[in-house]
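Engineer: the following comprises the amino acid sequence and a computationally predicted model.
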Amino acid sequence: MLRQTILSFLVTLGVGFANSSTAAPLTGTSAWSGDFAESAISTDLKYADGTPYSDLPVFMICIDVTKTYPVGSVSYQSEAGGSALKGGSGEAGVAAVNWLFDQYYATYFKGGSDAQKWAFQYAIWELGNDYNGAISSISATSGLSRPFEDGYKSTDPEFIAAYQAMYQAMTSTLPTLGGAYRSKTYTIDLFGSTDPTYQSMVALVEKPPVPPAAAAPTPVPGLSSVGLFVLTGFLSMVAVGGISRNRTSKKKV
């Protein structure tokens with residue numbers, strides 16, 4: 001009974017838990033990455049308190065085919081998740097983006113030709129604009145992302161082979177991928193643009209993500225000096241009350 005009373009009392013002191021979300025505004029600068037894609041690099045993204053977003057360069061690639069991407073001063077919302085995807089795929093789309101980078105970023109983009117990089121860009125646009133969670137929405141010939149009629153590389157054999165391979169893999173893999181899939185090779189984030197004239201971006205840092213902290217036994221909540229003083233007084237009153245009741249009982253015997 002005493003333990004329950006103390007726990008209830010602690011709750012009245014306003015003991016709470018920190019929000020684990022890392023979604024927050026980011027500002028900095030970016031420049032074209034030099035790749036044959038709508039992609040950029042930033043080395044100075046930071047949170048509002050000045051904390052750096054990453055200790056390594058942040059690669060960003062456009063995910064909205066209808067808008068351009070900014071260079072120079074940039075402003076994003078980190079951890080935008082499914083809200084950065086126009087197709088409405090939600091967590092399924094976030095998982096698909098992570099899967100696409102795991103499967104093809106190193107081969108088709110980082111180590112690829114210009115044609116393969118451009119095909120990778122189209123695959124990202126497909127997931128960002130047309131994919132709605134249903135596999136029937138993946139198509140190279142319909143929707144906003146249509147690589148078959150691209151004005152730059154549509155007749156390039158490398159471009160055709162790369163986008164066909166990725167689109168085929170998406171149609172065969174995404175139905176069973178699951179919305180919880182996340183890369184264990186790269187740190188991947190979806191940035192929502194805070195400027196409606198620019199598009200959202202997929203952000204990648206070339207290192208494994210920091211694993212979430214393991215669940216630990218619920219600790220004894222910390223108390224401020226005022227809270228500790230109040231608690232000490234409360235326990236003293238409980239103790240005095242107990243002694244008083246014992247004395248009263250003895251007198252009745």
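Structural biologist: Cool, got the structure. Numbers count the residues shown, from 1 in each chain.
Engineer: any idea how far residue 67 is from residue 105?
Structural biologist: Remark: distance between residue 105 and residue 67 (Cβ to Cβ, to the nearest Å) = 22 Å. Every C-beta, even on glycine, is put in place using the N, C-alpha and C of the backbone.
Engineer: more crowded one of the two?
Structural biologist: residue 105 (23 against 17; other Cβ atoms under 10 Å).
Engineer: helix/strand/coil for that one?
Structural biologist: helix (DSSP: H, G, I helix; E, B strand; the rest coil).
Engineer: how about the strands in the stretch 101-250 of the chain?
Structural biologist: Taking DSSP state E, counting those that start in this stretch as the criterion, the stretch 101-250 of the chain carries its strands at 187-193, 201-205.
Engineer: and residue 98, which of those is closest to it?
Structural biologist: strand 187-193 (5.3 Å; Cβ to Cβ).
Engineer: the closest one: partners in the sheet, and parallel or antiparallel?
Structural biologist: strand 72-77 (antiparallel), strand 201-205 (antiparallel) (DSSP bridges).
Engineer: about what we covered before: ok, and which of the strands of the stretch 101-250 of the chain has the densest surroundings?
Structural biologist: Highest mean neighbour count of the strands of the stretch 101-250 of the chain: strand 201-205, a mean of 25 (counted as mean count of other Cβ atoms under 10 Å).
Engineer: can you list the weak-confidence ranges in the stretch 1-150 of the chain?
Structural biologist: 1-22 (pLDDT under 70).
Engineer: does the closest residue to residue 121 other than its chain neighbours lie in a helix or a strand, and which?
Structural biologist: In space, residue 121 comes closest to residue 37 once its chain neighbours are excluded; the distance is 4.3 Å by Cβ to Cβ, 6 or more residues apart in numbering. For residue 37, there is no host helix or strand (DSSP states H and E).
Engineer: I figured residue 37 hits residue 122, correct?
Structural biologist: No - the criterion here is Cβ atoms under 8 Å, and residue 37 misses it with residue 122 at 9.4 Å.
Engineer: would you map the helices across the stretch 1-150 of the chain?
Structural biologist: For the stretch 1-150 of the chain, the helices defined by DSSP state H, counting those that start in this stretch occupy 2-12, 91-100, 114-125.
Engineer: what are the buried residues along stretch 64-83?
Structural biologist: Buried residues in stretch 64-83, defined by neighbour count with 16 or more other Cβ atoms under 10 Å: 64, 65, 67, 69, 70, 74, 76, 77, 78, 80, 81, 82.
Engineer: phi and psi next, for residue 211.
Structural biologist: With angles defined as degrees, to the nearest 10, residue 211 sits at phi -70, psi 150.
Engineer: same check, this time on residue 90
Structural biologist: phi 60, psi -140.
Engineer: which residues sit in contact with the nearest residue to it once chain neighbours are set aside?
Structural biologist: The shortest distance from residue 90 to any non-neighbouring residue, by Cβ to Cβ, 6+ apart, is to residue 82 (3.9 Å). Neighbouring residues of residue 82 by Cβ atoms under 8 Å, 6 or more residues apart in numbering: 89, 90, 91, 93, 94, 190.
Engineer: not counting residues beside it along the chain, what's closest to the fourth one?
Structural biologist: The spatial neighbour of residue 93 that comes closest, neighbours along the chain excluded (Cβ to Cβ, 6+ apart), is residue 85 at 4.3 Å.
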